[in-house]
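>>> I need the structure of the sequence given here:
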Amino acid sequence: MASVTINASGDASPDEAWDRYLHPARWPDWAPQITGVEAESDELAPGVRGKVCGPLGLSAKFTVDAVDERRRAWSWTVRRWPVTLRLQHGVQPHDGGSRTWLTVEGPLPLVIGYVPLAHLALRRLVAR
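Numbering: from 1, shown residues only. Below you'll find the predicted structure:
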């Protein structure tokens, strides 16, 4: 198992960046690797389950593990048999805009392959 943390900063307010995370229907707007989301709820909450869809018809099931709105942080587990990824996200105020971070834990080849897409998505998350 490997763990990598990446971050990005931008002009979007922390509240706007957090709202983009908080509502799964908004994920395809800023995350190019996500083409659709099916979730049990319109808003993240512990225990919410769903499916995230990607290119070429690929999809993976997910469960939201934790949400801390005060800290603007959340985590989820994504599974596509036989692989499991654990992702932790957060948003903080930074230089009049926001900074977001992501820690990805999972099999090394998958983590290394996912990081460039995730970094692009994080930059878009915090952009105006």
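>>> can we go C-alpha only for contacts and neighbour counts from here?
Fine.
>>> which residues does the spatially closest residue to Arg124 that is not a sequence neighbour contact?
Take Arg124 and drop its neighbours on the chain: the residue closest to it by C-alpha to C-alpha, 6 or more residues apart in numbering is Trp30, 5.3 Å away. Going by C-alpha atoms under 8 Å, 6 or more residues apart in numbering, Trp30 touches 121-122, 124-125.
>>> Tabulate these (CSV), appending neighbour count, pLDDT and secondary structure.
Output for the contacts of Trp30, formatted as CSV (neighbours: other C-alpha atoms under 10 Å; pLDDT from 0 to 100; DSSP: H, G, I helix; E, B strand; the rest coil):
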residue, neighbour count, pLDDT, secondary structure
Ala121, 21, 97, helix
Leu122, 24, 98, helix
Arg124, 19, 98, helix
Leu125, 28, 98, helix
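>>> what residue lies at the spatial centre of the protein?
His89 (6.1 Å; C-alpha atoms, centre = their mean).
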